[in-house]
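Chemist: Need coordinates for the following:
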Amino acid sequence: MTAFFQSLGMTYQWAWFFATMAGILLIALPLMLGVAMIIYMDRKVWAAINLRRGPNVVGPFGLLQSFADGLKVFLQETIIPSAANKGLFLIAPILTFTVALLSWAVIPFGPEAVLADINVGLLYIFAVSSLGVYGVVISGWASNSKYPFFSAMRASAQMISYEVSIGFIIVCVVLWADSFNLNTIIEAQRGHGLGFINGFVFNPLLFPIWVMFFISALAETQRVPFDLTEAESELVAGYQTEYSSMSFALFWLGEYANILLMCALSAILFFGGWLPPVDWEPLYAVPGIVWLLLKILFFFFMFSWVMATVPRYRYDQLMRLGWKVFLPLSLIFVFVVSGYLMATGHYS
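Modeler: Next comes the predicted model:
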């Protein structure tokens, strides 16, 4: 894209700047549209599982319901509690939303379709996604209210607990792919399962790791059954209790952008990313971005399915699963996977 802008007579510096900005917009704008559509999909899946209709009034088949909701919150008054720390109260949702978008810079939508194809892409995502807890903690503290503060404490403990497990899970994938670069990890999955299936998930050693990753992703994004930060029966609405208007909407946008990110990581790390499901030449005629989006939609359906069917955990059960089950299991798998790779001469 830089070459295109240079062909218009720009210097390299300006061409690079405009190419980068265009790349950011090409990711951010479809992502925001995608968030609106998956909120609609989320509500439709819940409705179908509960034998209801879901959104069906605004627009054809209710497709414009999310946009109507967005317009409603945009027109609402922004109310700031008198005892709140006003600066931090307003920064928190902006921080949550911004951090949710930053990780998408290194997500590959195709062999060359990535904004920043850096060697440590997976490490970058892990580092940036860990910043998401700050928005929740700051919003809970700045609200100067009891229930949001309880929610912030829960969120910090929960996200730290499951990030440790996710870190060890990522180590297993990196050991097998021998790279932190996401495109290299995807290429390492070509024909990996039975010689013709693209994906690490069909590896008996890596399948249990994907199961742990999926459950940890639910906890990391605070989805049911791990939505203890927003437990309405205990905390009203958790850290979002004092928020209204667009500040509330930014939390929602950030939350769903993070959910889509976790769905994309599941597809990239374990299901071949932009590769077709089977290593068969005719399937490569379909653009890689189509395969990736279909996989993301499949995983999002699983997120919605879990939310509509699984009851919420108690907080002690949540902590026990993270520290006493997933942490030792993921650490054991690091030893098992590394030992197997060394024994089979994977690095020779």
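
Chemist: mind checking the end-to-end distance for stretch 100-118?
Modeler: For stretch 100-118, the first and last residues are 19 Å from each other (C-alpha to C-alpha, to the nearest Å).

Chemist: Which parts of the chain are helices?
Modeler: Applying DSSP state H to the chain gives helices spanning 2-7, 12-49, 65-75, 86-102, 121-129, 132-142, 146-177, 182-188, 207-220, 232-235, 245-270, 288-309, 315-320, 327-343.

Chemist: out of those, nearest to Pro277?
Modeler: Closest approach to Pro277 among the helices of the chain is made by helix 288-309 (7.6 Å; C-beta to C-beta). For glycine as for every other residue, the C-beta is placed from the backbone atoms N, C-alpha and C.

Chemist: Would you mark the buried spots in the closest one?
Modeler: When burial is assessed from 16 or more other C-beta atoms under 10 Å, helix 288-309 yields the following buried residues: 288, 291-293, 295-297, 299-300, 303-304, 306-307.

Chemist: same deal with stretch 84-91?
Modeler: Buried positions in stretch 84-91, judged by neighbour count with 16+ other C-beta under 10 Å: Ala84, Asn85, Phe89, Leu90, Ile91.

Chemist: Then stretch 329-336?
Modeler: Along stretch 329-336, these residues count as buried under the neighbour rule (16+ other C-beta under 10 Å): Leu329, Ser330, Phe333, Val334.

Chemist: Identify, from the residues you listed, the entry nearest to Phe202.
Modeler: Minimum separation from Phe202 among these (C-beta to C-beta) is found for Phe333, which lies at 16.2 Å.

Chemist: related to what we said a few turns ago, among the buried residues of helix 288-309, which has the minimum pLDDT value?
Modeler: Scanning the buried residues of helix 288-309 for pLDDT, the low point is Met307. It has 88.

Chemist: of all the buried residues of helix 288-309, which two lie farthest apart?
Modeler: Taking C-beta to C-beta as the measure, the buried residues of helix 288-309 reach their widest spread between Gly288 and Met307, a distance of 28.9 Å.

Chemist: The closest residue in space to Trp323 that isn't next to it in sequence: how many residues sit nearby?
Modeler: With sequence-adjacent residues excluded and distances taken as C-beta to C-beta, 6 or more residues apart in numbering, Trp323 is closest to Ser161, at 6.0 Å. Burial of Ser161 is recorded as 20 neighbouring residues (other C-beta atoms under 10 Å).

Chemist: Just give the nearest non-adjacent residue to Trp210, would you?
Modeler: Phe270 (4.4 Å).

Chemist: Quick check: Phe333 vs Phe207, distance?
Modeler: Taking C-beta to C-beta, to the nearest Å as the criterion, Phe333 is separated from Phe207 by 11 Å.

Chemist: Which residues are in contact with Phe109?
Modeler: Phe109 is in contact with Trp274, Gly288, Ile289, Leu292, counting by C-beta atoms under 8 Å, 6 or more residues apart in numbering.

Chemist: What residues does the residue nearest to Trp323 make contact with?
Modeler: Counting by C-beta under 8 Å, 6+ apart, Ser161 makes contact with Ala219, Leu318, Met319, Gly322, Trp323.

Chemist: Ser247 too?
Modeler: Listed by C-beta under 8 Å, 6+ apart, the contact set of Ser247 reads Thr78, Phe89, Leu90, Pro93.

Chemist: Show me how far stretch 130-147 is from its chain's centre.
Modeler: Averaging C-alpha positions (C-alpha atoms, centre = their mean, to the nearest Å) puts stretch 130-147 20 Å from its chain's average.

Chemist: circling back: and the residue nearest to Trp210, how many neighbours?
Modeler: Around Phe270 sit 26 other residues, with neighbours defined as other C-beta under 10 Å.

Chemist: Could you pull up the contacting residues of it?
Modeler: Phe270 makes contact with Val173, Gly199, Phe200, Val201, Leu206, Ile209, Trp210, Phe213 under the criterion C-beta under 8 Å, 6+ apart.

Chemist: wait, doesn't the last one sit right on Ser266?
Modeler: Yes. If you go by C-beta atoms under 8 Å, Phe213 and Ser266 touch, sitting 6.7 Å apart.
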